[in-house]
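> please work out how this folds:
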Amino acid sequence: MLPRNQTAWLWIAEAVTIAAVLLLRSGWARDNRWRQAQGELGTLANNFYEPRRDALTNGFGIAGGVFGGLAWGTATMSVVLGGVRRNVVGRGLLDFQTSILAGAITGCILGAVLGLALGHWWETRHRRRRAEANASHA
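This next block holds a predicted model:
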């Protein structure tokens with residue numbers, strides 16, 4: 001299906017994808033202490049951070065999927081040529097599309113993890129700056 005030199009990359013990508021899915025499902029960098037953090041800011045309304053964090057996670061997930069599909073597509077274009085040489089163009093094209101799909105899935109999940117990490121970093125930084133501003137005005 002894939003050229004031999006792509007097999008190791010495929011296994012690495014799948015292992016990283018499984019680890020990233022576990023990280024996304026673990027609940028890391030979610031709003032689990034929001035009551036305490038919002039109380040420090042003087043309010044219990046928490047409708048500011050979650051939508052922005054979700055937008056970062058989803059946006060990076062989509063961008064990662066597009067980039068992953070394009071990257072795997074350009075790296076495995078030779079499978080179509082292999083199918084032409086073996087006189088089974090349909091099989092080569094199917095292998096090519098499968099590799100693009102695998103790249104898109106991997107890129108999407110890794111992009112979502114990156115977006116989640118950036119969203120968490122932004123939120124903690126923003127909360128700290130708001131708390132410092134509130135403390136200086138009090």
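
> other SSEs contacting the biggest helix by length in the chain?
Secondary structure assigned by DSSP state H gives helix 89-137 as the longest helix of the chain. Counting contacts by 3 or more CB pairs under 8 Å, 6 or more residues apart in numbering; DSSP states H and E, helix 89-137 is packed against helix 4-26, helix 34-41, helix 49-75, helix 78-85. C-betas here are computed from N, CA, C, even on glycine.

> so which of the ones you listed gets nearest residue 96?
When these are ranked by proximity to residue 96, the top entry is helix 78-85, at 4.9 Å, counting by CB to CB.

> give me the helices and strands touching the closest one, please.
Helices and strands touching helix 78-85, as assessed by 3+ CB pairs under 8 Å, 6+ apart, comprise helix 89-137.

> switch the cut-off to 10 Å
Judged by 3 or more CB pairs under 10 Å, 6 or more residues apart in numbering; DSSP states H and E, the packing partners of helix 78-85 are helix 4-26, helix 89-137.

> from those helices, which stretch is densest packed?
When these are scored by mean count of other CB atoms under 10 Å, the highest mean neighbour count falls to helix 89-137 (a mean of 17).

> got the angle for it vs helix 78-85?
Orientation note: helix 89-137 sits at an angle of 170 degrees relative to helix 78-85 (axes from the mean of the first three to the mean of the last three CA atoms, to 10 degrees).

> just want the angle from helix 89-137 to helix 4-26.
For helix 89-137 against helix 4-26, the angle between stretch directions is 40 degrees (the same axes, to 10 degrees).

> helix 89-137 to helix 49-75, inter-axis angle?
Compare the direction of helix 89-137 with that of helix 49-75 by the same axes, to 10 degrees and you get 150 degrees.

> centre of the chain versus helix 89-137, how much separation?
Centre-to-centre, helix 89-137 and its host chain are 3 Å apart (CA atoms, centre = their mean, to the nearest Å).

> now stretch 5-25
Stretch 5-25 sits 12 Å away from the centroid of its parent chain (CA atoms, centre = their mean).
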